[in-house]
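[1] here is a sequence together with a model predicted from it:
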Amino acid sequence: MSKKIDIEQSKNEDALKLTISKMNRMLEKVFLGGGQKRIDKLHAKGKMTARERVAYLIDKDTPFLELGAFAGHEMYEEYGGCPAGGVIVGIGNVSGRQCIIVANDATVKAGAWFPITGKKNLRAQEIALENRLPIIYLVDSAGVFLPMQDEIFPDKEHFGRIFRNNAVLSSKGIPQISAIMGSCVAGGAYLPIMSDESLIVEGTGSIFLAGPYLVKAAIGENVDKETLGGATTQTEISGVVDYKLPDDPTCLDTIKDLIGKMGRFENAGFNRIKPKPPLVPAENIYSIFPENPTKPYDSREILKCIVDDSEFTEYKKGYGKTILCVYARIDGWSVGIVINHRQVVKTTSGEMQFGGVIYSDSADKATRFIMNCNQKKIPLVFMHDVTGFMVGKRSEHGGIIKDGAKLVNAVSNSTVPKITIVMGNSYGAGNYAMCGKAYDPRLIVAWPTAKIAVMGGSQAAKVLTQIQVSSLKAKGEEPDPETETALFNKIKDRYDRQTSPYYAAARLWVDAIIDPAHTRQVISMGIEAANNAPVEKFNVGVIQT
């Protein structure tokens, strides 16, 4: 028996390591941005790349949690692609203080803004606003990508929303510092000047509402870029920019100095003690998490790889067994964890419940637990491997919709920070109940094994195939088995591609795809960020009993 378990564990480990290796290879390509030739061109101008700037800015030997690295993945291919959405975003320590950093990547279409670039910038501002984190903009952009201007310029969640957010962040007292380290043109010029303080690099930085070519076309005036909006013009003549610096490193050093002199705000006061490492190595997740998404496993074993001292206290352990609700510590932080339990379990009445499915009793338990965590000001961590709510006559008669609504209500109105980890399946209303993107998690990340969709590929393909076959029959056509199979496979392939974590990350449905062994660190960084913002009073609203 133990040999069989060892074989299964080895298969799991091999499969997950291969998946992680694939992810890392993809990231290596993303990290090159627009390619080595464009990187070399930047260096020839005496400029650092966006990633070099971020690496220089953050404190030595501290982690940088990059967000949206896969933004734009396999999108905009007719324009040559847009690696990482053309902008680097993440959370890092600068002069001992957590900050949001946003750095335009000038190697990708000269840092031009695609639709996903705008969405990624808005997400960065949202995280800064929710967590009261200072935000640093490293500006080097040619402005809106004109061939797609209709998809980035006029709507509520488009380019202009960024400047509106600059004003809102400022009104909330959240510091914003901008460094003009390259081009900064047209509407984009408002971003640094609506920040609290702005810096510009001499010789490479420029800022103006219209560049020399547009000025010539509009009013017939001939003027060079430096005279129009270079560092000397904007610091010594117009007074638009606050600091003129000779080069990129000096500019970044000045930002460090400015951040280091900032005062502190009131924090949330989340409970934290001296951290203890898990007794079980984080890498053990590789052998525990099954390579086959339909196979059961004990979610408690996953928790032992993540929480301090591998210890946790289960809430209502004998009730609602397809969801585990536990109190634990992660890197010293007190947390409440809601995790789908993927083992088949037996109730006291003898009923068998499928792992990963939310039943009425597990929904009820999770609702009460979420309310308790809000009452006690304990941050919540949601860990998905859920196929949805239980269906069928028995569940409907038992009020599964009402119990599910209670859970969704509690998740929606929760005011303590929520951090979401999508480990495996995240289907249908299960995604909602477990705090998917629509429910305002402070951070939402996925393992490379994640699948996010209304339902699994096979189930969706069966449903859609049945509908299309019925439609053909209604027209008097009788499809043969081969035609049905081909139709099924076509639908399933398309659906499987859309459930991929990379498809989700490309569209920023998740903030990042992470190595499962890094889960503990990501959660800790998320709670540290959230601790900067006081928690509002919890009011659950109307819940039917």
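    That came through fine.

[2] starting at the chain centroid, how far to stretch 334-343?
    Between the centre of stretch 334-343 and the centre of its chain there are 20 Å (CA atoms, centre = their mean, to the nearest Å).

[3] show me what counts as buried in it.
    S334, V335, G336, I337, V338, I339, N340, H341, R342 (16 or more other CB atoms under 10 Å). No exception for glycine: its C-beta is placed from N, CA and C like everyone else's.

[4] of these, which belong to strands?
    S334, V335, G336, I337, V338, I339, N340 (DSSP state E).

[5] make CSV from the residues you listed and add distance to K377 and pLDDT to it.
    What follows is those, written out as CSV (distance: CB to CB, whole Å; pLDDT from 0 to 100):
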residue, distance to K377, pLDDT
S334, 9, 98
V335, 12, 98
G336, 10, 98
I337, 16, 98
V338, 17, 98
I339, 21, 98
N340, 25, 96
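
[6] any chance of those in TSV, plus distance to N131?
    As requested, these are exported to TSV (distance: CB to CB, whole Å):
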residue	distance to N131
S334	18
V335	16
G336	19
I337	20
V338	21
I339	23
N340	26
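
[7] quick check: S360 vs Q459, distance?
    Going from S360 to Q459 by CB to CB, to the nearest Å gives 22 Å.

[8] tell me which of the two has more neighbours.
    When S360 and Q459 are compared for neighbours, S360 comes out ahead with 21 against 17, by other CB atoms under 10 Å.

[9] low-confidence ranges, the protein, go.
    1-5, 541-545 (pLDDT under 70).

[10] next structured bit after the helix of greatest length in the chain?
    When the chain is parsed with DSSP state H, its longest helix is helix 2-31. Taking DSSP states H and E as the definition, the helix or strand that follows helix 2-31 towards the C-terminus is helix 36-44.

[11] next SSE downstream of that next one?
    Helix 36-44 is succeeded, C-terminally, by helix 50-57 (DSSP H and E).

[12] give me the angle between that next one and helix 36-44.
    For helix 50-57 against helix 36-44, the angle by axes from the mean of the first three to the mean of the last three CA atoms, to 10 degrees is 50 degrees.

[13] and helix 50-57, what does it pack onto?
    Helix 50-57 sits against strand 87-94, strand 97-104, strand 135-141, helix 248-260, with contacts defined as 3 or more CB pairs under 8 Å, 6 or more residues apart in numbering; DSSP states H and E.

[14] relative to the second one, what are the paired strands and their orientations?
    For strand 97-104, the paired strands and their directions (DSSP bridges) read strand 87-94 (antiparallel), strand 135-141 (parallel).

[15] looking at the ones you listed, which is nearest to E528?
    strand 87-94 (8.8 Å; CB to CB).

[16] centre of the chain to the closest one, how far?
    With CA atoms, centre = their mean as the basis, strand 87-94 stands 13 Å off its chain's centre.

[17] ok, and what's touching that strand?
    Contact partners of strand 87-94, identified using CB atoms under 8 Å, 6 or more residues apart in numbering, comprise 50-51, 54, 57-59, 62-68, 98-105, 111, 117, 120-121, 123-124, 127, 133-134, 136, 255-256, 259, 525, 529.

[18] let's see that with 6 Å instead.
    Here strand 87-94 makes contact (CB atoms under 6 Å, 6 or more residues apart in numbering) with 50, 54, 57-59, 62, 64-68, 101-104, 117, 120, 124, 256, 259, 529.

[19] buried residues, that strand. List them.
    V87, I88, V89, G90, I91, G92, N93, V94.

[20] any chance of those in JSON lines, plus distance to K41?
    Formatted as JSON lines, the buried residues of strand 87-94 follow (distance: CB to CB, whole Å):
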{"residue": "V87", "distance to K41": "19"}
{"residue": "I88", "distance to K41": "18"}
{"residue": "V89", "distance to K41": "23"}
{"residue": "G90", "distance to K41": "25"}
{"residue": "I91", "distance to K41": "30"}
{"residue": "G92", "distance to K41": "26"}
{"residue": "N93", "distance to K41": "31"}
{"residue": "V94", "distance to K41": "28"}
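
[21] what's the closest of those to N222?
    Nearest member of the buried residues of strand 87-94 to N222, counting by CB to CB, is V87, at 33.0 Å.

[22] wait, isn't I135 in contact with Q176?
    Yes. Counting by CB atoms under 6 Å, Q176 is a contact partner of I135 at 5.1 Å.

[23] give me the common contacts of those two.
    With CB under 6 Å, 6+ apart, I135 and Q176 have no common neighbours.

[24] if I look at H397, how far off is M390?
    Taken as CB to CB, the span from H397 to M390 is 12 Å.

[25] what about the two, which has more around it?
    Here H397 and M390 are compared on neighbour count by other CB under 10 Å; more neighbours surround M390, at 21 against 8.
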